[in-house]
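>>> Sequence first, then the predicted structure:
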Amino acid sequence: MKKALITGANKSIGFETARQLLQKEYYVYLGARDITKGNEAVAQLKSEGFDNVELLQIDVSDPSSVAEAGKKITELDVLINNAGILGGWEQSAQTASLDVIKEVFNTNFFGAINVAQTFLDALKKSDEPRIVNVTSGLGSLTLHSDPNWKYYQVKNAAYGPSKSALNAYTIVLAYELKDTNFKINAVDPGYTQTDFNHHNGPGKVEDAAAIVVKYATIGNDGPTGKFFSKDMDGDSEESPW
């Protein structure tokens, strides 16, 4: 049975991703910062008949928490770096607090890197290791430079740049492991109705999780070092960087 770890999985897209991987008969480590909320999420999934799920307490912004979590998993097939924070709605490039920007980067960028590095040895034991870095369309520099893009006016100084940085790290990590069976991609689940955005998005959690699961479970002939988005128009899901 393949094993998957999802950070920030006690609610929203992370939780639905856990459910869909359980439906595919994966063993799921449900990563959560809050033990109480994590246990509630695990209990909900078990009430639905999914027994192959357990809580892994992990705060990606806390190196000691990540290190402790790393001791509990020795073999892993899939890592989904899903945990992330917005940092508030007011993020002007002219006035945004450096403390806020650092806080957002600490979770969305440095935290994701630390998690990836911590679990890399466990993933290397898999025949088909997969890493999905959950990103955002707001991390695309190309789209942000296009006045015709539907979200062109949605700019921020912390969240978007943190995802741009995560995308850049994804490229480098995928390149370094290109001669292995690793498949490492950045995946944007799209503008989705979640607590993260006060349920303002047009997308459904089920559809958002589906694209994450798709690239978490791709075969050895699948892509690596790419950026995919649920919000892309047309037949292709590949997004410009």
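Good, I have the coordinates.

>>> Tell me the first helix or strand C-terminal of the longest helix along the chain.
Longest helix in the chain by number of residues, with DSSP state H as the criterion: helix 159-176. Once the chain leaves helix 159-176, the next helix or strand it forms, by DSSP states H and E, is strand 183-188.

>>> how about the nearest residue to Tyr114, chain neighbours excluded?
Check again: residue 114 is Asn, not Tyr. Ranked by CB to CB, 6 or more residues apart in numbering and with sequence neighbours excluded, the top spatial neighbour of Asn114 is Val66, at 5.2 Å. (Glycine included, C-beta is placed from N, CA and C.)

>>> ok, back up a step: please identify the buried residues of the longest helix of the chain?
The neighbour-count check on helix 159-176 (16 or more other CB atoms under 10 Å) flags 159-167, 169-171, 173-174 as buried.

>>> And the furthest pair within these?
Farthest apart among the buried residues of helix 159-176 by CB to CB are Tyr159 and Ala174. That separation is 22.8 Å.

>>> Starting from the strand or helix carrying Ile13, tell me the next helix or strand along the chain.
In this assignment (DSSP H and E), Ile13 forms part of helix 12-23. Downstream of helix 12-23, the next assigned helix or strand under DSSP H and E is strand 27-32.

>>> Outside of the helix holding Ile13 itself, list whatever touches it.
Contact with helix 12-23 is made by 4, 6-9, 28, 30-31, 41, 45, 48, 50, 52-53, 78, 80, 82-83, 134, 189, 192, 194-196, 205-206, 208-210, 212-213, 216-217, as judged by CB atoms under 8 Å, 6 or more residues apart in numbering.

>>> From those residues, list just the buried residues.
Taking 16+ other CB under 10 Å as the criterion, what is buried in the contacts of helix 12-23 is 4, 6-9, 28, 30-31, 41, 45, 50, 53, 78, 80, 82-83, 134, 189, 192, 194, 196, 205, 208-209, 212-213, 216-217.

>>> quick one: the helices in the protein?
12-23, 35-47, 63-70, 98-105, 112-123, 141-144, 159-176, 205-216.

>>> Reformat these as JSON lines; add distance to Gln153.
Listed next are these as JSON lines, based on distance: least, CB to CB, whole Å:
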{"stretch": "helix 12-23", "distance to Gln153": "24"}
{"stretch": "helix 35-47", "distance to Gln153": "34"}
{"stretch": "helix 63-70", "distance to Gln153": "36"}
{"stretch": "helix 98-105", "distance to Gln153": "20"}
{"stretch": "helix 112-123", "distance to Gln153": "27"}
{"stretch": "helix 141-144", "distance to Gln153": "10"}
{"stretch": "helix 159-176", "distance to Gln153": "12"}
{"stretch": "helix 205-216", "distance to Gln153": "22"}
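
>>> Make JSON lines from the ones you listed and add mean pLDDT and distance to Ile184 to it.
Shown next, in JSON lines, are the helices of the chain (pLDDT from 0 to 100; distance: least, CB to CB, whole Å):
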{"stretch": "helix 12-23", "mean pLDDT": "98", "distance to Ile184": "17"}
{"stretch": "helix 35-47", "mean pLDDT": "98", "distance to Ile184": "26"}
{"stretch": "helix 63-70", "mean pLDDT": "98", "distance to Ile184": "18"}
{"stretch": "helix 98-105", "mean pLDDT": "97", "distance to Ile184": "20"}
{"stretch": "helix 112-123", "mean pLDDT": "98", "distance to Ile184": "9"}
{"stretch": "helix 141-144", "mean pLDDT": "97", "distance to Ile184": "20"}
{"stretch": "helix 159-176", "mean pLDDT": "98", "distance to Ile184": "4"}
{"stretch": "helix 205-216", "mean pLDDT": "97", "distance to Ile184": "9"}
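
>>> closest one to Ser229 among those?
Short answer: helix 205-216, nearest of the helices of the chain by CB to CB, at 8.0 Å.
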